[in-house]
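Participant: here is my input, please return the structure:
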Amino acid sequence: MHHRYSLDSDGYGEIHTGYTTLDTVPASMTMSVYCRCGKIVVLDRSEMMLKLKLDKELECMECRNIRIDREIDEMNNHYLGISEEDVYSERFSPVL
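Facilitator: Okay, here's the model as predicted:
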């Protein structure tokens, strides 16, 4: 990662990482959409268009984290040799 440094007139330095924060993105470059949970998500237009081209769902951070957690669990179960039927029967079997 490349960093740029600049010195203010008072001698204190400032680091420029090349990243833009949401508060500095012009409103004309963003778009608001609803997540499936009902939350409003503000996305950069280019990011939104890329996700739509890739046929990805536009989602809020919370729904994204839940989806990723579920996918990690599914991958772990796959590599541990645990079938979906085993996971389902563990979750929904009656406690004796």
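
Participant: quick check, Val42 in a strand?
Facilitator: Yes. With DSSP: H, G, I helix; E, B strand; the rest coil as the criterion, Val42 is located in a strand.

Participant: that one against Thr30, yeah?
Facilitator: Yes. Val42 is in contact with Thr30 according to C-beta atoms under 8 Å; the separation is 5.3 Å. Where you see a C-beta, it was placed from the backbone N, CA and C, and this is true even at glycine.

Participant: anything in contact with each of the two?
Facilitator: Shared contacts of Val42 and Thr30 (C-beta atoms under 8 Å, 6 or more residues apart in numbering): none.

Participant: show residues contacting the longest helix that the chain contains.
Facilitator: Criterion DSSP state H: the longest helix present in the chain is helix 61-80. Here helix 61-80 makes contact (C-beta under 8 Å, 6+ apart) with 35-37, 39, 59, 83-84, 87.

Participant: let me know the average pLDDT across it.
Facilitator: The pLDDT scores in helix 61-80 average 92.

Participant: the inter-axis angle of that helix versus strand 40-44?
Facilitator: Helix 61-80 runs at 80 degrees relative to strand 40-44, counting by axes from the mean of the first three to the mean of the last three C-alpha atoms, to 10 degrees.

Participant: which stretches of this protein have low pLDDT?
Facilitator: Counting by pLDDT under 70, the chain contains low-confidence ranges at 1-27, 86-96.

Participant: can you pick the most crowded of the contacts of helix 61-80?
Facilitator: Within the contacts of helix 61-80, neighbour counts (other C-beta atoms under 10 Å) peak at Glu59, which reaches 20 neighbours.

Participant: which residues touch that one?
Facilitator: 35-36, 41, 67.

Participant: ok, now with 6 Å
Facilitator: Going by C-beta atoms under 6 Å, 6 or more residues apart in numbering, Glu59 touches Cys35.

Participant: relative to His78, how far out is it?
Facilitator: Distance, Glu59 to His78, by C-beta to C-beta, to the nearest Å: 23 Å.
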